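Asks: Structure for the following, please:
(one chain, ligands or ions: 1)
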Amino acid sequence: KDRYAVVGNPVEHSRSPAIHAMFAEQTGQDIVYQRLLAPLDGFEPSLRAFAAGGAKGCNITVPFKFEAFGLAAVRTERAELAGAANTLRFDANGWAADNTDGAGLVNDLQHNAGRPLAGLKVLLVGAGGAGAGVLGSLIAAKPAQITIVNRSVDKAEALVASHAHLGVALSAATLPDAPAAQDVVINATSTSLAGAASPVDARVLKPGTLALDMMYGPKAQGFLDWAAAHGAEPRDGLGMLVEQAAEAFFFWRGVRPDTAPVLAALRASL
Ligand code: ATR
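Replies: Got it, this is the predicted structure:
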């Protein structure tokens with residue numbers, strides 16, 4: 001059996017082992033997928049030991065996505081754009097890094113939620129690691145415009161600068177200056193961890209706005225309730241989680257799992 005893991009700190013609540021076990025069963029791939037808790041100051045040795053033991057790859061979660069990116073010998077274009085990696089493949093000639101978070105988000109929005117992004121107004125709330133990781137894929141889906149708002153606006157401005165060459169109308173603003181009446185609003189901040197409903201005013205919404213929080217479970221509820229109360233269509237991050245996992249599975253195995261039954265099973269188990 002080929003071995004994989006999700007490496008993070010903390011990592012005990014990760015749903016990735018369950019998701020990849022379902023993918024493996026569905027596609028007949030003979031793999032095992034574990035959780036690996038790495039010490040905060042010992043990510044690299046943990047990873048090297050895991051790879052030296054014959055493992056084929058891993059997912060990376062908080063707070064090691066930047067460090068993982070730095071350890072890779074080759075990187076996909078979307079990992080380069082994100083400056084972070086959530087997936088590594090241990091190839092004989094070096095480690096290959098990918099970042100599947102953005103593709104996971106876009107696939108969830110477009111395929112699962114049925115909201116093709118082409119021509120839409122998109123508001124990305126949060127310019128931290130989570131926001132930066134998905135921006136390139138959002139741009140590739142060719143919305144009419146993307147506005148990035150952040151508490152500290154300099155981070156949003158830096159993202160606009162680093163992605164400006166990609167050819168979509170991009171702008172940065174502070175949270176209070178978020179534009180009104182957006183088609184899609186994505187919460188990529190960690191404010192929900194603090195129990196806040198939304199970091200932006202409800203005027204960013206209009207009837208039918210798709211309002212997605214990258215979190216899932218109780219952490220996302222405040223934002224989802226806020227969105228629903230203002231006539232938006234709320235969506236949590238569970239679909240994104242399953243879709244980013246499917247992209248990683250493909251990166252490792254060259255096989256694309258069917259995500260719909262896995263998302264349904266995961267939702268039923270929450
Ligand atoms: P992550 O990897 O989850 O994105 P991060 O890089 O620390 O973590 O980013 C956290 C994001 O949540 C940032 O956009 C942060 O805003 P700042 O860049 O201004 O810090 C945002 N955030 C966290 N707490 C917040 C709060 N109380 N109000 C508004 N934004 C907040």
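Asks: quick one: the residue positioned nearest the centre of the chain and the ligand, what's the gap?
Replies: For the chain, Asp101 is the residue whose C-alpha lies nearest the centre (Cα atoms, centre = their mean; 3.1 Å). Distance of Asp101 to the ligand, computed by Cβ to the nearest ligand atom, to the nearest Å: 10 Å. (C-beta placed from N, C-alpha, C; glycine too.)
Asks: Give me the pLDDT for that residue.
Replies: In this model, Asp101 is scored at 98, pLDDT.
Asks: which ones are touching whichever residue of the stretch 1-150 of the chain sits closest to the ligand?
Replies: Residue of the stretch 1-150 of the chain nearest the ligand, by Cβ to the nearest ligand atom: Gly128 (1.9 Å). Contact partners of Gly128, counting by Cβ atoms under 8 Å, 6 or more residues apart in numbering, are Asn150, Lys155, Ala188, Thr189, Ser190.
Asks: and Gly217, what is it in contact with?
Replies: By Cβ under 8 Å, 6+ apart, the contact set of Gly217 is Asp236, Leu270.
Asks: A helix includes Leu212, no?
Replies: No - per DSSP: H, G, I helix; E, B strand; the rest coil, Leu212 lies outside any helix segment and is strand.
Asks: The closest residue to the residue nearest to the centre of the chain other than its chain neighbours and Ala84, how far apart?
Replies: Leaving aside its chain neighbours, Asp101 sits nearest to Gly133 (4.5 Å; criterion: Cβ to Cβ, 6 or more residues apart in numbering). Distance, Gly133 to Ala84, using Cβ to Cβ, to the nearest Å: 6 Å.
Asks: Name the residue in these two with the higher neighbour count.
Replies: More neighbours surround Gly133 than the other of Gly133 and Ala84, with 27 against 22 (other Cβ atoms under 10 Å).
Asks: in stretch 67-74, what counts as buried?
Replies: By 16 or more other Cβ atoms under 10 Å, the buried positions in stretch 67-74 come out as Ala68, Phe69, Leu71, Ala72.
Asks: my bad, should have said stretch 160-172
Replies: Val160, His163, Val168, Leu170, Ala172.
Asks: And those, which is closest to Phe43?
Replies: Of all those, Phe43 sits closest to His163, with 27.0 Å by Cβ to Cβ.
Asks: Locate that closest one within the secondary structure: which element?
Replies: helix 153-163 (DSSP states H and E).
Asks: which strands and helices sit next to that helix?
Replies: helix 129-140, strand 145-149, strand 169-173 (3 or more Cβ pairs under 8 Å, 6 or more residues apart in numbering; DSSP states H and E).
Asks: In TSV: those, plus mean pLDDT.
Replies: Formatted as TSV, the helices and strands packed on helix 153-163 follow (pLDDT from 0 to 100):
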stretch	mean pLDDT
helix 129-140	96
strand 145-149	98
strand 169-173	97
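Asks: Of these, which is nearest Lys121?
Replies: Closest to Lys121 of the helices and strands packed on helix 153-163 is strand 145-149 (Cβ to Cβ; 5.5 Å).
Asks: Other residues contacting that closest one?
Replies: 121-127, 131, 135, 138-139, 156, 159-160, 168-175, 177-179, 182, 200.
Asks: and that strand, which strands flank it?
Replies: Strand 145-149 sits in its sheet next to strand 121-125 (parallel), strand 169-173 (parallel), going by DSSP bridges.
Asks: and the last one, is it in reach of the ligand?
Replies: No - interface with the ligand: strand 169-173 contributes nothing (Cβ under 6 Å from any ligand atom), its closest point being 11.8 Å away.
Asks: Quick check: Ala248 touching Asn59?
Replies: Yes - contact criterion Cβ atoms under 8 Å: Ala248 and Asn59 qualify, at 5.8 Å.
Asks: so what's in contact with these two at the same time?
Replies: With Cβ under 8 Å, 6+ apart as the test, Ala248 and Asn59 both reach Asn86, Thr87.
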